[in-house]
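*Asks:* Sequence and predicted structure are below.
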Amino acid sequence: MPSALSSRDPLLCDVLAPCGKHSHHNETHYVPQAMDGSMNLEQALEERLRIINCTPADIKRFIKAHPPSSRLVPGIEHLIKSLQARGIAVYLISGGFRELTLPIAKHLDVPRENVFANRMNWQWDDETGEPTRLVGFDMNEPTAHNQGKPTAIARIRQRNPYNTIIMIGDGITDLEAVQVTGGADLFIGFGGVVERPPVAAEADWYVYKYSQLIDTLRRYTVAMIGSGAWACAAMHIVGQNCAAYDVADEFVDDVRMWVYEEDYQGRKLTEVINTEHENPKYLPGIPLGTNTIADSDLLSAVKDADILIFCAPHQFIRSICKQLIGKIKPDAFAVSLIKGMRVRSDGPQLISQMITKYLNIDCSVLMGANIAGDIGREQLSEAVIGYTNLDHAKLLKKLFETKYFVVNLLPDVAGAEMCGTLKNIVALGAGMIDGLGLGPNSKATVMRQGLTEMRKFSKELYPTVRDETFFESCGVADLIATCYGGRNRFVAMEYTKAAQSGSPRTFEELEVELLKGQKLQGVLTSNEVQEILKQRSWEQQYPLFTTVNRIINGYFPPADIVNFSEVPLRPIPTEEEEEISGIVNPSRPRPLATAENTGGLR
């Protein structure tokens, strides 16, 4: 949708002095006559040129003395930049002259080809080859004639298949643009410089300040559901983009963040976040921005939201969604930053699918090589937005992308989300390699096998998953980052070291000790995936996934990660067989639940 802004060239009255003229009364007499329709436009232009009678040097002196920023009506620059940032084309259609309009267009980043204005004709000196005297104006420009502005709009329509064209102006010639077939679709009259009653009476809408138009542009309220390390890293980005970097003014400045209330050093965590503007428990030292508002009431945090960002442990999302049914805006949409899945008797369910099913809203996903601390410290990172609704994806890209956080769009929700989910299982295997003290060759072997199984498993469950998705940030890049720096790798490494030392620890113990309240998603995801493998008799087809799962559940020692090709072929003793034989694996942790039976919130 383009916006055609018209302007009676406000410079012509001021240009009289530098041109050495003094008939200001005549100039200000002819301009209103043309604008209120009482004089033929061609006659008005001729009279204006006769009065001005300036030279190119006069024009240059005027532009230097009166730069474009000094000649703009308050609010117009903000309006145009907001429209342009939203992808709306802006045109300038003026009954004045290009020589005076083009510097303004350049200042406003309006392309020259989007300017329709009259062109001065000059007499050229044969000896110097320079223009010396004004002799008329170019009659080939549409604005040189009556009905010129509707003609300009007709040309705009010929060049671009726009659905809607809106004309903004203050004169009769501007109003004409909407009164003819093929002209503008809507006319907004502007009375901030000169108020003309006939224009005000016929306008579809009449305003006196451009801020009135800015206020009507749609702005989206954003809410974050979650407050862990990754949620806070994302809030660091979102907070910046909603306030300081929102050129299009598309987002409400304040962002509410739902926080599961807990104590931190004798104070409520929400109080700490709202006063110190960071989350010292889960992502210390990373500012969230003064526009982040922590709220322990889930319904309060989301009640006005147009965009819901889900970033909580995946085992809690079902319970959260149930609380939100009927409590969110019907036209809201979501994006999930969560890596995990739910296993049901009738098959697996991705988190995005769960959100869509319970809340009946579109849900994209943001996945990539996203170590929270690195993003919080504004180190170069990237991600993809997997989408089904392109308009929503484009808006989400604006919400998340920064100079240090690059976002690409990918029409493959299932592929992106499966990559983000399954790589945590591979990271457990990589951590075991590190815990054994093995080198990069061994880790590369595990990672390569892991990527192969990720792709195969994803395409088995979701045949539409694209092969190229595994080469995006959500695929191989996320796998590399997680296998070298993620929490799953770290805890698996410590689990392996403890087992090797003869003092085994459980993953639950290490989660509490090492993650300080954050959740270890890889172990839970491994159990969920293994359920599917068992149900479909696929265990031997996914040797790395199966080996990791049998190790984390204590059936085999971590040292067997290097034997992943043969571990799935070994028999697994049942608990009854262990009790009968009297040989019970003391390092076996209590089997960890899947997301289906973990219950409600923490």
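*Replies:* Received, thanks.
*Asks:* Tell me which residues touch the closest residue to Thr464 other than its chain neighbours, please.
*Replies:* Using CB to CB, 6 or more residues apart in numbering and skipping residues adjacent in sequence, the residue nearest Thr464 is Ala414, 6.7 Å away. The C-beta positions use only the backbone N, C-alpha and C, and glycine is treated the same way. Listed by CB atoms under 8 Å, 6 or more residues apart in numbering, the contact set of Ala414 reads 350, 386, 458, 461-462, 464-465.
*Asks:* Narrow those residues to those in helices?
*Replies:* With DSSP state H as the criterion, helices contain 458, 461 from among the contacts of Ala414.
*Asks:* ranking the contacts of Ala414 by neighbours, who comes first?
*Replies:* When neighbours are counted by other CB atoms under 10 Å, Gly386 leads the contacts of Ala414 with 29 neighbours.
*Asks:* what about that residue, distance to Ala301?
*Replies:* To Ala301, Gly386 is 25 Å away according to CB to CB, to the nearest Å.
*Asks:* can I get the contacts of Ala414 in CSV with pLDDT and distance to Cys474?
*Replies:* Formatted as CSV, the contacts of Ala414 follow (pLDDT from 0 to 100; distance: CB to CB, whole Å):
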residue, pLDDT, distance to Cys474
Leu350, 93, 13
Gly386, 97, 7
Ser458, 95, 11
Leu461, 94, 16
Tyr462, 94, 14
Thr464, 95, 16
Val465, 96, 11
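*Asks:* Widest-spaced pair of the contacts of Ala414?
*Replies:* Within the contacts of Ala414, Gly386 and Leu461 form the most distant pair, 15.1 Å apart (CB to CB).
*Asks:* Work out the gap between stretch 306-313 and the centre of the chain.
*Replies:* Offset of stretch 306-313 from its chain centre (CA atoms, centre = their mean, to the nearest Å): 13 Å.
*Asks:* swap in stretch 268-279?
*Replies:* Centre-to-centre, stretch 268-279 and its host chain are 25 Å apart (CA atoms, centre = their mean).
*Asks:* Likewise for stretch 243-258?
*Replies:* Taking CA atoms, centre = their mean, one finds stretch 243-258 lying 11 Å from the centre of the chain it belongs to.
*Asks:* who touches the residue nearest to Gly340 when sequence neighbours are not counted in this structure?
*Replies:* Nearest non-adjacent residue to Gly340, counting by CB to CB, 6+ apart: His314, 2.9 Å away. His314 sits next to 338-342, 351, 521, 524-525, 595 when contact means CB under 8 Å, 6+ apart.
*Asks:* Go again with 7 Å.
*Replies:* His314 makes contact with 338, 340, 351, 521, 595, according to CB atoms under 7 Å, 6 or more residues apart in numbering.
*Asks:* And it, how close does it get to Gly376?
*Replies:* As judged by CB to CB, His314 and Gly376 stand 21 Å apart.
*Asks:* Could you do Leu451 as well?
*Replies:* As judged by CB to CB, Leu451 and Gly376 stand 27 Å apart.
*Asks:* Then Glu77?
*Replies:* With distances taken as CB to CB, Glu77 is found 34 Å from Gly376.
*Asks:* likewise Thr452?
*Replies:* Thr452 is 32 Å from Gly376, by CB to CB.
*Asks:* So if I had to pick from these two, which one is more boxed in?
*Replies:* Using other CB under 10 Å as the criterion, Thr452 and Gly376 rank with Gly376 on top: 23 against 13.
*Asks:* quick one, what contacts the closest residue to that one other than its chain neighbours?
*Replies:* Among residues not flanking Gly376 along the chain, Ile286 sits closest, at 3.5 Å (CB to CB, 6+ apart). Going by CB under 7 Å, 6+ apart, Ile286 touches 232-233, 236, 278, 376.
*Asks:* Throw these into CSV and include secondary structure, pLDDT and distance to Val426, thanks.
*Replies:* Below are these laid out as CSV (DSSP: H, G, I helix; E, B strand; the rest coil; pLDDT from 0 to 100; distance: CB to CB, whole Å):
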residue, secondary structure, pLDDT, distance to Val426
Cys232, helix, 97, 25
Ala233, helix, 96, 22
His236, helix, 97, 27
Glu278, coil, 95, 32
Gly376, helix, 95, 24
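*Asks:* Farthest-apart pair in the residues you listed, please.
*Replies:* Ala233 and Glu278 (11.3 Å).
*Asks:* Near Ser503, how many other residues are there?
*Replies:* Neighbourhood size, Ser503 [other CB under 10 Å]: 9.
*Asks:* Helix or strand with the lowest mean pLDDT in this protein?
*Replies:* Least confident element among the helices and strands of the chain, by mean pLDDT, DSSP states H and E: helix 24-36 (a mean of 45).
*Asks:* where's Thr55 relative to Gly191, distance?
*Replies:* Separation of Thr55 from Gly191 (CB to CB): 35 Å.
*Asks:* no, scratch that, I was asking about Val238
*Replies:* For Val238, the distance to Gly191 - CB to CB - is 38 Å.
*Asks:* next one: Arg342
*Replies:* With CB to CB as the criterion, Arg342 and Gly191 are 58 Å apart.
*Asks:* What of Cys242?
*Replies:* Using CB to CB, Cys242 is found at 33 Å from Gly191.
*Asks:* who's more crowded, those two?
*Replies:* When neighbours are counted by other CB under 10 Å, Cys242 and Gly191 differ, and Cys242 comes out ahead with 24 against 16.
*Asks:* Now that one: closest residue in space, sequence neighbours ignored.
*Replies:* In this structure, Cys242 finds its nearest non-sequential neighbour in Phe251, 4.2 Å apart by CB to CB, 6+ apart.
*Asks:* does that neighbour have beta-bridge partners, and which?
*Replies:* Tyr220 (DSSP bridges).
*Asks:* which residues touch it?
*Replies:* Listed by CB under 7 Å, 6+ apart, the contact partners of Phe251 are 219-220, 222, 241-242, 399.
*Asks:* how close does it get to Lys398?
*Replies:* Counting by CB to CB, the gap from Phe251 to Lys398 is 8 Å.
*Asks:* where along the stretch 101-250 of the chain do the strands fall?
*Replies:* 115-118, 120-124, 131-137, 166-169, 186-190, 205-207, 222-225 (DSSP state E, counting those that start in this stretch).
*Asks:* Tell me which residues of the shortest one come out buried.
*Replies:* Counting neighbours by 16 or more other CB atoms under 10 Å, one finds that the buried residues in strand 205-207 are 206-207.
*Asks:* Give the other helices and strands that it contacts.
*Replies:* The contact analysis (3 or more CB pairs under 7 Å, 6 or more residues apart in numbering; DSSP states H and E) places strand 205-207 against strand 186-190.
*Asks:* Run me through the strand neighbours of the strand it packs on, direction for each.
*Replies:* Applying DSSP bridges, one finds strand 186-190 paired with strand 166-169 (parallel), strand 205-207 (parallel).
*Asks:* For Ser565, find the nearest of the ones you listed.
*Replies:* strand 166-169 (65.9 Å).
*Asks:* now that closest one, how far from the centre of its chain.
*Replies:* On CA atoms, centre = their mean, the centre of strand 166-169 falls 30 Å from the chain's centre.
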